[in-house]
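> Sequence and predicted model, in that order:
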Amino acid sequence: MLEVAQHALQNNKRFSLNLGALFLIEFFKDPMMQVFPYCDYIFGNEDEAAKFAEVHGLNNSNMEEIAQQMANLPKEGTNPRTVVITQGKNNTVVATPTEVRTFAVNPIEESRIIDTNGAGDAFVGGFLAMLLKGNDLEKCVNGGHYAAGEIIQRSGCVFPSEPAFE
């Protein structure tokens, strides 16, 4: 991962990291932190962000503050880091070194939620798809919300044949 991250920096490409799982944050702390300075986008959920804060001594349970502290960790290159923390049905937190914003999640009736597996990965995919299309931050977050919202209404990681999000 480090070699890919360095290649991205040397070639003016964006590099993103999904915190992925609690055990990765705890047991692979050193390798993760070697890659961290090259990360332009970091994604995680509230449990992963809290574990990151605990492991790295950030000692804070406020997601907005944790996200901003993560955004301000040492960074290579000139692109500012963006940290995105999802919180299920609660607001998504997005932080850069100078700003924290929250984005409401469109509610989905509890009876329509079938399987939450893959929701975080779907969010990242939707966010990055909108980013690659040149959209602004709000559209990227909305793309992530849409993708995660679709995934949780089906069993397994399946999308409808025709997406409703543009």
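Looks like it arrived, so ask away. This structure is a prediction, so every number in the text was calculated from the model and none was measured. Numbering: from 1, shown residues only.

> In contact with the closest residue in space to residue 165 that isn't next to it in sequence, which residues?
Nearest non-adjacent residue to residue 165, counting by CB to CB, 6 or more residues apart in numbering: residue 146, 4.0 Å away. Quick note: C-beta positions are derived from backbone N, CA and C, even for glycine. By CB atoms under 8 Å, 6 or more residues apart in numbering, residue 146 lies in contact with 126, 163-165.

> center of this structure - which residue?
By CA atoms, centre = their mean, the mean C-alpha position of the chain lies nearest to residue 43, the distance being 2.0 Å.

> Distance check, the residue nearest to residue 165 against residue 129.
10 Å (CB to CB, to the nearest Å).

> Please apply the same query to residue 84.
14 Å.

> So the two - more neighbours on which side?
residue 84 (26 against 16; other CB atoms under 10 Å).

> Am I right that the more buried one sits in a strand?
Yes. Residue 84 sits within a strand when classified using DSSP: H, G, I helix; E, B strand; the rest coil.

> Please look at it and residue 127 and confirm they touch.
Yes. Between residue 84 and residue 127 a contact is recorded at 6.7 Å, counting by CB atoms under 8 Å.

> what touches both of these two?
In contact with both residue 84 and residue 127: 41, 43, 141, 144, using CB under 8 Å, 6+ apart.

> Could you pull up the contacting residues of the last one?
For residue 144, the contacting residues are 84, 86, 92, 122-127, 130, by CB under 8 Å, 6+ apart.

> can we see that at 7 Å?
With contact set as CB atoms under 7 Å, 6 or more residues apart in numbering, residue 144 has these partners: 123-124, 126-127.

> What's the separation between it and residue 61?
Distance from residue 144 to residue 61, by CB to CB: 23 Å.

> can you give me the strands in the chain?
16-18, 41-45, 82-87, 90-95, 100-103 (DSSP state E).

> I'd like the ones you listed written out as TSV, with mean pLDDT and distance to residue 150 added.
Putting the strands of the chain into TSV (pLDDT from 0 to 100; distance: least, CB to CB, whole Å) gives the following:
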stretch	mean pLDDT	distance to residue 150
strand 16-18	96	19
strand 41-45	97	18
strand 82-87	98	15
strand 90-95	98	16
strand 100-103	98	17
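
> can you put the ones you listed in CSV and add distance to residue 137?
Below are those laid out as CSV (distance: least, CB to CB, whole Å):
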stretch, distance to residue 137
strand 16-18, 14
strand 41-45, 11
strand 82-87, 8
strand 90-95, 6
strand 100-103, 7
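
> No further queries at this time; thank you.
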